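*Asks:* Sequence and computational prediction follow.
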Amino acid sequence: MDLHADTMTGRKRIAVVTGGCGFLGSHLTDRLLAAGFRVIGIDNLVTGSPRNIEHLAGNVDFEFVEHDVSRFIEVPGEVEIVFHFASPASPIDYLELPIQTLKVGGLGTHNALGLARAKEAAFFLASTSEVYGDPLVHPQTEDYWGNVNPIGVRGVYDEAKRYAEALTMAYHRSHGIDTKIVRIFNTYGPRMRLDDGRVVPAFIGQALRGEPLTIFGDGSQTRSFCYVDDLIEGIYRLSQSAYHEPVNLGNPREMTIREFAEAVLELTGASLPLVHQGLPADDPKVRRPDISRAKSVLQWEPKVAFEEGLQKTLDYFRAYVDRAQGSLRVKK
Ligand code: UDP
């Protein structure tokens with residue numbers, strides 16, 4: 001008997017993952033393959049990297065299709081679930097790619113929902129804590145509607161994801177699609193891009209290069225960092241549930257960006273100055289997920305301690321750094 005086959009039909013369960021070469025899309029792909037799915041990963045490689053799936057070369061259960069999901073998505077055969085993870089996701093990326101970000105959240109979500117509908121498949125939307133904007137409710141619960149500047153520079157991402165959530169609920173209500181929505185809070189771990197501008201790779205990269213750590217603003221703004229393995233477990237559980245309302249997933253351990261910088265220095269043993277730079281427009285002052293819903297619906301909560309996750313991430317980045325060059329260089 002094929003252990004990976006659906007026991008009722010004897011056929012493989014098939015999942016489509018848009019953004020399959022991204023940080024989260026590639027980890028999700030690994031989790032789905034381990035659970036016995038066949039996975040079709042789709043990515044236009046604008047921010048994703050083929051390196052994130054190179055370990056899957058030769059895996060007969062994995063197929064990669066290079067395609068921009070803001071254009072019509074064609075997938076032959078049956079599909080059980082469509083995971084829509086494609087989008088620039090770091091502030092630097094979506095500031096550089098504002099129109100692509102709006103398109104993949106709007107047109108891309110529409111195409112991915114259309115695919116799910118055509119295949120009578122379930123649909124899973126990767127949404128974000130950015131739907132809460134610069135929040136006036138703390139910690140953030142799913143029933144908080146948020147405080148977003150629609151015409152600000154971050155608006156391209158925030159509003160695209162808010163629209164994506166609205167479209168997902170409309171397909172659920174109008175077409176009866178089995179949809180799920182996760183709101184992902186700051187997540188870190190191996191396969192992040194060292195140059196994506198987010199604070200975790202930024203500070204680790206700076207510490208490894210022996211450069212000052214760049215704190216934006218006074219560093220009193222807070223974030224709550226979740227290790228990728230914890231997040232992916234929550235995503236997998238939500239995908240297998242029949243729950244349609246949005247669910248926050250993240251680690252409720254909150255810290256200031258200054259505390260985070262100090263933790264990176266302590267872990268790397270580096271003694272480097274902290275320098276202050278201007279705070280980007282609309283940078284949220286606080287962020288911490290209320291995960292009561294995930295606890296009760298999914299019996300999920302993060303397990304990986306911050307220090308342990310940070311160490312694993314540091315080990316990953318170290319492997320790609322050639323310090324002798326005095327600059328970060330990807331090892332061939
Ligand atoms: N940040 C910083 N220095 C950096 C990069 C980011 O102080 O080199 C700050 C940023 O202003 C924000 C926080 O770190 O307050 C988290 O930023 P990130 O880009 O990781 O994601 P965000 O949570 O803002 O989406």
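*Replies:* Sure thing, it's come through. None of the values given here were measured: they were computed from a predicted structure. Numbering: from 1, shown residues only.

*Asks:* which stretches of the stretch 101-250 of the chain form strands?
*Replies:* Using DSSP state E, counting those that start in this stretch, the strands of the stretch 101-250 of the chain run over 122-128, 179-184, 187-188, 213-216, 222-224, 226-227, 246-249.

*Asks:* In terms of secondary structure, what does the fifth one contact?
*Replies:* I take that to be strand 222-224. Under the contact criterion of 3 or more C-beta pairs under 8 Å, 6 or more residues apart in numbering; DSSP states H and E, strand 222-224 touches strand 254-256, helix 257-268. Every C-beta, even on glycine, is put in place using the N, C-alpha and C of the backbone.

*Asks:* thinking again about what came up before, distance to residue 56, mean pLDDT and mean neighbour count for the strands of the stretch 101-250 of the chain - can I get that in a markdown table?
*Replies:* Written out in a markdown table, the entries for the strands of the stretch 101-250 of the chain read as follows (distance: least, C-beta to C-beta, whole Å; pLDDT from 0 to 100; neighbours: other C-beta atoms under 10 Å):
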| stretch | distance to residue 56 | mean pLDDT | mean neighbour count |
| --- | --- | --- | --- |
| strand 122-128 | 20 | 98 | 24 |
| strand 179-184 | 23 | 98 | 24 |
| strand 187-188 | 21 | 98 | 24 |
| strand 213-216 | 34 | 98 | 19 |
| strand 222-224 | 31 | 98 | 21 |
| strand 226-227 | 22 | 98 | 24 |
| strand 246-249 | 24 | 98 | 24 |
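
*Asks:* The ligand is nearest to which of the ones you listed?
*Replies:* strand 213-216 (3.5 Å; C-beta to the nearest ligand atom).

*Asks:* The closest one - which strands sit beside it in the sheet, and in what orientation?
*Replies:* Here strand 213-216 is paired, per DSSP bridges, with strand 274-277 (parallel).

*Asks:* mind listing what's buried in the helix or strand following the strand it pairs with?
*Replies:* Using DSSP states H and E, the next helix or strand after strand 274-277 towards the C-terminus is helix 292-298. The neighbour-count check on helix 292-298 (16 or more other C-beta atoms under 10 Å) flags 293, 294, 298 as buried.

*Asks:* Nearest to the ligand among the residues you listed?
*Replies:* Using C-beta to the nearest ligand atom, residue 294 comes nearest to the ligand of those, at 19.1 Å.

*Asks:* Thought residue 248 was touching that closest one, still the case?
*Replies:* Yes. Residue 294 lies in contact with residue 248 (C-beta atoms under 8 Å); the separation is 6.3 Å.

*Asks:* got the residues of the chain near the ligand?
*Replies:* The chain comes close to the ligand at residues 90-91, 186, 197-199, 202, 214-216, 221, 223, 257, 279-280, 283, as judged by C-beta under 6 Å from any ligand atom.

*Asks:* Buried only: go through the residues you listed for me.
*Replies:* Listed as buried from the residues of the chain next to the ligand are 90, 91, 186, 198, 199, 202, 215, 216, 221, 223, 257; burial here means 16+ other C-beta under 10 Å.
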